[in-house]
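[1] Got a predicted structure here, sequence first:
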Amino acid sequence: MDLTTSTLFTFDELHRQTSRQLPEGVIAGDTTFTETMNYSDTPLANLLLLTTPEISVGLGQIEYTVDFEGRVTAYRYDNSPNGGGRLVARYYYDERDDYTTDAGDDSLDNPDEVVSYTHDALGRQTQVVQDFDPNSVGEERITGNKYDVFGRPIQIASPEGIVNYAYDAVGRVKRTWTSVGTTGADLDNAITDTTYGYDELGRLETVTVVERNDVPLGGAAEETTYAYDDVGNLDTVTHSNGVVSDYDFDDWNRLTSLTHTAGMTVLADFSYEVDTDGKRRSETESVAGTTFDWVYDNLGRLISETYDGPSDDYTAEYFFDLASNRVRKDVDTTGDGVPDERTDYTYDDNDRLLTEIFDLDLDGADKTTCYSPTRYAWRTETPFSTP
């Protein structure tokens, strides 16, 4: 077995996956890049003797996982008589020892982060609470969900706002609106209100904004209409500002042209060529006089992009590591086959982007952008030299 290209899996006697080991090439010389899954087989009778069977684990449920970086996600379920074994919480720990200590005390009091789930009697998720710091007050993000008698979501309330949904007789969304509150007059006081219409085949035909930013639009409602060809491909979109987008497809239903017009004026006219496997090979825009050409390798990865236009022509080439992460981008702006700009990329052991180093003229880094595992971290920039 070639361990540089093989992903290995292990299973227990009940055929449950217990580990996944990535190829050796992901970390040079390291054969331990493994995530693990752990299960609890505590029987139901024992779970029902617990003080809180509604927050427990057993019955073959997955108890916790350890990811490639040693971080633990622990799971707890509602195993009470009416709980149905539904997931009710996830607990996140930076270290496995932190979790085992908590679990050994028969409590999960010291996680680094907790996500809790609440369900109604029909098992539908009604609330999600993300506690980013269980040891502090006010670090929670709460999202609430409401449903109609058919189990369709009719309201999602989050810190970003409240979105409401209404349906027609056959279950299609006919209206969405944001509101200042979740009930009564506050619910009826729409801030932004949009309605939807469908053709006889159930395809979206109209989207109409009737209120925006708490201002009813009345006769100035903004309507976008959609039309389809005989096989169901989108044919035209008529926007509320009068711009019409016209789509054409080949016999394999692949887009070959897209034209945007305002009255008799052509705003943009795109034509496309595709490979036999469906990857787009070129794009030509006749109004601006621009062309893009793309080349792919045998794995389907983009390795070259060439732009030809009125100015600023370039050719970009892309290079990859064994895990298909893009590690370098070279740009030739003069057409002499020699790179004029270069961007190098580095990744952590979990294939997440760590640094992006841009060199404008191949004389040293002009801009370095760094990322943490969860967000943009920082950037250093050297002023570009001018001729």
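    Noted; the coordinates are in hand.

[2] what's the neighbour count on G123?
    Using other C-beta atoms under 10 Å, G123 is surrounded by 12 other residues. Glycine gets a C-beta too; all of them are placed from N, C-alpha and C.

[3] Next up, the contacts around it.
    Shown in contact with G123 (C-beta atoms under 8 Å, 6 or more residues apart in numbering): G84, R86.

[4] let's have the chain start at 34 instead
    That works, and once the first residue is 34, the last one we named lands at G156.

[5] And it, how far from T257?
    Shown here: G156 relative to T257, a distance of 37 Å by C-beta to C-beta, to the nearest Å.

[6] Check Q160 too.
    Q160 sits 34 Å away from T257, going by C-beta to C-beta.

[7] Which element, helix or strand, includes T257?
    Using DSSP states H and E, T257 falls within strand 255-261.

[8] Identify the residues contacting the helix or strand following that strand?
    Note on strand 255-261: by DSSP H and E, the next helix or strand toward the C-terminus is strand 267-271. Contact partners of strand 267-271, identified using C-beta under 8 Å, 6+ apart, comprise T257, T258, Y259, A260, Y261, D262, V277, S278, D279, Y280.

[9] For these, which two are the farthest from each other?
    T257 and D262 (18.1 Å; C-beta to C-beta).

[10] Looking at these two now, which is surrounded by more residues?
    A side-by-side neighbour count of T257 and D262, using other C-beta under 10 Å, places T257 first with 17 against 13.

[11] Just read off the phi/psi values of the nearest residue to the more buried one once chain neighbours are set aside.
    Excluding the flanking residues, the one nearest T257 by C-beta to C-beta, 6 or more residues apart in numbering is V240, at 4.7 Å. Main-chain dihedrals, V240, degrees, to the nearest 10: phi -130, psi 120.

[12] which ones are touching V240?
    Contacts for V240 (C-beta under 8 Å, 6+ apart) come out as T227, T228, Y229, G230, E256, T257, Y259.

[13] so, if you compare those, which one comes nearest to S169?
    Distances from S169 to these, taken by C-beta to C-beta, are shortest for T227, at 38.2 Å.

[14] So what are the structural domains in the protein, by residue number?
    Using the TED database, the domain parsing of the chain gives 34-78+91-178, 181-261.

[15] May I see these organised as TSV, with distance to G296 and mean pLDDT added?
    Formatted as TSV, those follow (distance: least, C-beta to C-beta, whole Å; pLDDT from 0 to 100):
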stretch	distance to G296	mean pLDDT
domain 34-78+91-178	45	87
domain 181-261	17	95
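
[16] Can you check which of those domains gets nearest to L393?
    Comparing the domains of the chain against L393 with C-beta to C-beta, the closest turns out to be domain 34-78+91-178 (30.4 Å).

[17] How far does that closest one sit from its chain's centre?
    For domain 34-78+91-178, the distance from its own C-alpha centre to the chain's C-alpha centre is 21 Å (C-alpha atoms, centre = their mean, to the nearest Å).

[18] ditto for stretch 389-398
    How far stretch 389-398 lies from its chain's middle: 30 Å, per C-alpha atoms, centre = their mean.

[19] Buried ones in that stretch, by neighbour count?
    Going by neighbour count (16 or more other C-beta atoms under 10 Å), the buried part of stretch 389-398 is E389, I390, F391, D392, L393, A398.

[20] okay, it in CSV with CA atoms only?
    Extracted in CSV, the C-alpha atoms of stretch 389-398 (Å, rounded to 0.1, in the frame of the first residue of the first chain):
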residue,chain,number,x,y,z
GLU,A,389,-0.2,34.7,1.2
ILE,A,390,3.0,36.4,0.1
PHE,A,391,2.8,38.8,-2.9
ASP,A,392,5.9,39.9,-4.7
LEU,A,393,5.2,42.6,-7.3
ASP,A,394,8.5,42.5,-9.2
LEU,A,395,10.3,39.4,-7.9
ASP,A,396,12.6,41.4,-5.7
GLY,A,397,11.2,40.4,-2.3
ALA,A,398,7.8,40.3,-0.6
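
[21] Could you give the number of residues near the residue nearest to G296 when sequence neighbours are not counted?
    In space, and not counting its chain neighbours, G296 is closest to G275: 7.3 Å by C-beta to C-beta, 6+ apart. Around G275 there are 9 other residues, counting by other C-beta under 10 Å.

[22] mind checking the longest helix of the chain?
    Longest helix in the chain by number of residues (criterion: DSSP state H): helix 129-137.

[23] Appreciated, that's everything.
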